[in-house]
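>>> Based on what follows, work out the 3D shape:
(one chain, ligands or ions: 1)
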Amino acid sequence: MKRTDIAVIGAGPAGVGCAVQLKMLGFNPVVFERNRVGGLLHEASLLGNSFSGRAEKAGALISALKMKIRKFGIKLEKNRITDISYGARGFLLEKEHGGKTRCGILVIATGTYPENGGITAVPARENIVFYGIGKLRRVSGMSIAVIGGGDAAFDHSIVLGKNNKVSIFVRDKISASDHLVKEVLENRNISIFRGFCFKEMVKNGRGICLVFRGGDGLKECRADFLVLAVGRKPELSFIGPEFRRKMPYLKKNGLIFLAGDVKNRGFRMASIAWADGIKAAMEIAAAESGRDSR
Ligand SMILES: Cc1cc2nc3c(=O)[nH]c(=O)nc-3n(C[C@H](O)[C@H](O)[C@H](O)COP(=O)(O)OP(=O)(O)OC[C@H]3O[C@@H](n4cnc5c(N)ncnc54)[C@H](O)[C@@H]3O)c2cc1C
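Have a look, this model is predicted:
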């Protein structure tokens with residue numbers, strides 16, 4: 001195999017970590033990214049569990065990833081991979097903006113996509129219901145409901161609570177990290193409602209009225225926006241059933257590697273994703289040297 005024959009899908013911490021390590025090991029990977037370098041870090045604010053021990057701004061980590069791509073001369077192609085197949089000539093990747101790419105080794109570092117947590121009554125109204133805070137970062141003076149009890153719900157609430165009134169609705173227990181919970185409790189703009197289960201939502205003027213079951217009965221909450229942070233699933237939606245069936249064989253033979261949140265279930269952290277990418281690169285190098293010596 002040529003040492004240039006590796007494709008990495010995704011330029012979040014896992015994909016970039018993998019590409020950097022591959023470069024250091026003498027390979028020349030191509031990274032495909034459908035959106036922005038940094039992946040889910042664009043939704044985070046402060047990372048409290050960084051290697052340095054200090055809380056780090058997610059923006060600083062994104063800048064570090066971009067800098068590494070430049071420094072190591074990593075080839076980055078802005079394109080969504082829409083399908084993958086595998087045959088006698090290796091992997092064939094189909095690209096959204098036209099064309100196909102072949103590679104001999106594939107790293108899937110595509111992260112996750114948000115779930116709706118069974119809240120099916122939510123209409124697909126992009127200007128009211130959000131699965132992250134991207135477009136809401138600049139709003140102020142609004143009332144915002146956040147559903148979820150984990151790190152994402154609390155992190156989003158801290159960012160939004162700087163300039164808005166935020167109500168967090170938690171169905172069961174709060175699972176967010178202590179430093180996030182502490183910051184939320186210290187912010188007068190943010191209220192937490194525990195034991196509230198979403199029932200329904202109706203349109204109310206320019207905003208919405210949310211109805212929850214909990215406490216003594218039903219509680220209504222009027223909000224301009226709703227942010228859902230109720231869980232995420234591995235982003236493997238672009239992989240068809242035929243390729244899925246081949247994946248165990250390809251994994252066993254050191255031809256395909258999954259890195260980061262896409263495979264880490266309950267252990268979705270930027271530092272784990274980064275390390276996972278490095279590990280995948282080292283496994284590729286080990287598999288390659290095994291093939292070379294045969
Ligand atoms: C609100 C919030 C707070 C967080 N706080 C922390 C924290 O304090 N500490 C911490 O360690 N972690 C935190 N995280 C988690 C951290 O952001 C993730 O664990 C990390 O970004 C995962 O990296 P990844 O590379 O595996 O996936 P991602 O960052 O999701 O990157 C995947 C990339 O793949 C791309 N992609 C997907 N499909 C395709 C395709 N078909 N073709 C091309 N590209 C594709 C995506 O566009 C994306 O850029 C937080 C996350 C959120 C949302």
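>>> Contacts for the longest helix belonging to the chain, please.
Longest helix in the chain, counting residues (DSSP state H): helix 270-292. Under the contact criterion C-beta atoms under 8 Å, 6 or more residues apart in numbering, helix 270-292 has outside partners 1, 6, 12-22, 24-25, 27, 41, 44, 47, 49-51, 61, 105, 107, 109, 111, 254, 257-261, 263-264. In short, each C-beta sits where N, CA and C put it, glycine included.
>>> Kindly identify which of those residues also come near the ligand.
For the ligand, the contacts drawn from the contacts of helix 270-292 by C-beta under 6 Å from any ligand atom are 12, 13, 14, 15, 41, 44, 47, 49, 109, 111, 260, 261.
>>> contacting residues around the fourth one?
Listed by C-beta under 8 Å, 6+ apart, the contact set of residue 15 reads 8, 9, 31, 33, 39, 107, 109, 259, 260, 277.
>>> That one belongs to a helix?
Yes - counting by DSSP: H, G, I helix; E, B strand; the rest coil, residue 15 is found in a helix.
>>> For it, which non-adjacent residue is spatially closest?
residue 109 (3.6 Å; C-beta to C-beta, 6 or more residues apart in numbering).
>>> What pLDDT does the model give the residue of the stretch 101-250 of the chain found nearest the ligand?
At 2.1 Å from the ligand, residue 111 is the closest residue in the stretch 101-250 of the chain, using C-beta to the nearest ligand atom. Looking at residue 111, its pLDDT stands at 98.
>>> cool, and residue 201?
Note on residue 201: pLDDT of 86.
>>> if we can go back for a sec, find the nearest non-adjacent residue to the residue of the stretch 101-250 of the chain closest to the ligand, please.
residue 261 (4.6 Å).
>>> residues contacting that neighbour?
12, 14, 40, 111, 112, 232, 234, 268, 273 are the contacts of residue 261 under C-beta under 8 Å, 6+ apart.
>>> quick one: the second one and residue 260 touch, right?
Yes - at 2.6 Å, residue 14 counts as touching residue 260 under the criterion of C-beta atoms under 8 Å.
>>> Identify the contacts common to these two.
Joint contacts of residue 14 and residue 260 (C-beta under 8 Å, 6+ apart) are 109, 111, 273, 274, 276, 277.
>>> What about the residues you listed, which one has the most neighbours?
Neighbour count (other C-beta atoms under 10 Å) singles out residue 109 as the most crowded of the shared contacts of residue 14 and residue 260, with 32 neighbours.
>>> Wondering if stretch 275-293 reaches the ligand at all.
No - Stretch 275-293 is not in contact with the ligand by C-beta under 6 Å from any ligand atom; minimum separation 7.1 Å.
>>> if we can go back for a sec, next one: phi and psi at the residue of the stretch 101-250 of the chain closest to the ligand?
The phi and psi torsions at residue 111 (degrees, to the nearest 10) take the values phi 70, psi -140.
>>> Show the contacting residues for it.
Counting by C-beta under 8 Å, 6+ apart, residue 111 has contacts 10, 12, 14, 39, 40, 235, 260, 261, 262, 273.
>>> nearest spatial neighbour of the first one, skipping sequence neighbours?
Of all residues beyond its chain neighbours, the one nearest residue 10 is residue 109 (3.8 Å), with distances taken as C-beta to C-beta, 6+ apart.
>>> Would you agree the one you found is in contact with residue 259?
Yes - using C-beta under 8 Å, residue 109 is in contact with residue 259, at 4.6 Å.
>>> Need the overlap of contacts for the two.
By C-beta under 8 Å, 6+ apart, the residues touching both residue 109 and residue 259 are 14, 15, 18, 273, 277, 280.
>>> In JSON lines: these, plus pLDDT and distance to residue 172.
Converted to JSON lines, the shared contacts of residue 109 and residue 259 look like this (pLDDT from 0 to 100; distance: C-beta to C-beta, whole Å):
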{"residue": "14", "pLDDT": "98", "distance to residue 172": "29"}
{"residue": "15", "pLDDT": "98", "distance to residue 172": "33"}
{"residue": "18", "pLDDT": "98", "distance to residue 172": "35"}
{"residue": "273", "pLDDT": "97", "distance to residue 172": "26"}
{"residue": "277", "pLDDT": "98", "distance to residue 172": "33"}
{"residue": "280", "pLDDT": "97", "distance to residue 172": "35"}
